[in-house]
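> sharing a model prediction with you, sequence too.
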Amino acid sequence: YLPLITRIKQWSDRKKKVQEPLIKSYIFVKTEEISILEVLKVPGIVFALKYLGKPAVVREKEIQNLRILTTGESEMISILPIKELIVGDRIRVIRGPFSGLECEYIRMKGNYRVIVRMETLGTMISVDIPANYIEKM
């Protein structure tokens, strides 16, 4: 699975929508641990991400979260900062195109952007969503 997002790229004479990977250099392969050597033989695959010396396992829920992120459109609505949330709180998006996304609250960025982290992937993904679309788990 290769999560792709659409971005608008600006050239000197035009703008164009292009798709690019959400997380550069990552492709997700559902396989048994014993089959990883076969995956590594595929042209373009350089290595398997490891955690504690073993191939990293990405839970199905994390893949579902990526699917939610890459199929929705972000929304920018003016909001007040979320004061009751603290770093590390588990949150769930309850409305809008990211509905169902579960993640870790990192911080507010200005009045528009909620910065969240998806645990297993160890990467930061910023999502623009209104505060009333989020609930603490």
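Arrived safely, thanks for sending.
> quick one, phi/psi of Leu66?
Leu66 has phi and psi values of phi -60, psi -40 when expressed as degrees, to the nearest 10.
> what's the closest non-adjacent residue to it?
Once flanking residues are discounted, Leu66 sits nearest to Pro3: 4.5 Å by CB to CB, 6 or more residues apart in numbering. (Glycine included, C-beta is placed from N, CA and C.)
> next one: the one you found from Ile34, what distance?
Relative to Ile34, Pro3 is positioned 26 Å away (CB to CB, to the nearest Å).
> who's more crowded, these two?
Pro3 (19 against 7; other CB atoms under 10 Å).
> OK, contacts around the more buried one?
Contact analysis of Pro3 by CB atoms under 8 Å, 6 or more residues apart in numbering lists 21-23, 28, 66-67, 69-70.
> need those in a markdown table (columns: neighbour count, pLDDT and secondary structure).
Formatted as a markdown table, the contacts of Pro3 follow (neighbours: other CB atoms under 10 Å; pLDDT from 0 to 100; DSSP: H, G, I helix; E, B strand; the rest coil):
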| residue | neighbour count | pLDDT | secondary structure |
| --- | --- | --- | --- |
| Pro21 | 13 | 84 | strand |
| Leu22 | 16 | 78 | coil |
| Ile23 | 16 | 78 | coil |
| Phe28 | 15 | 91 | coil |
| Leu66 | 22 | 81 | helix |
| Arg67 | 14 | 84 | helix |
| Leu69 | 21 | 74 | helix |
| Thr70 | 16 | 78 | helix |
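> what residues sit buried inside stretch 87-102?
Residues of stretch 87-102 classed as buried by neighbour count (16 or more other CB atoms under 10 Å): 91, 93, 96-98, 101-102.
> much appreciated, bye for now.
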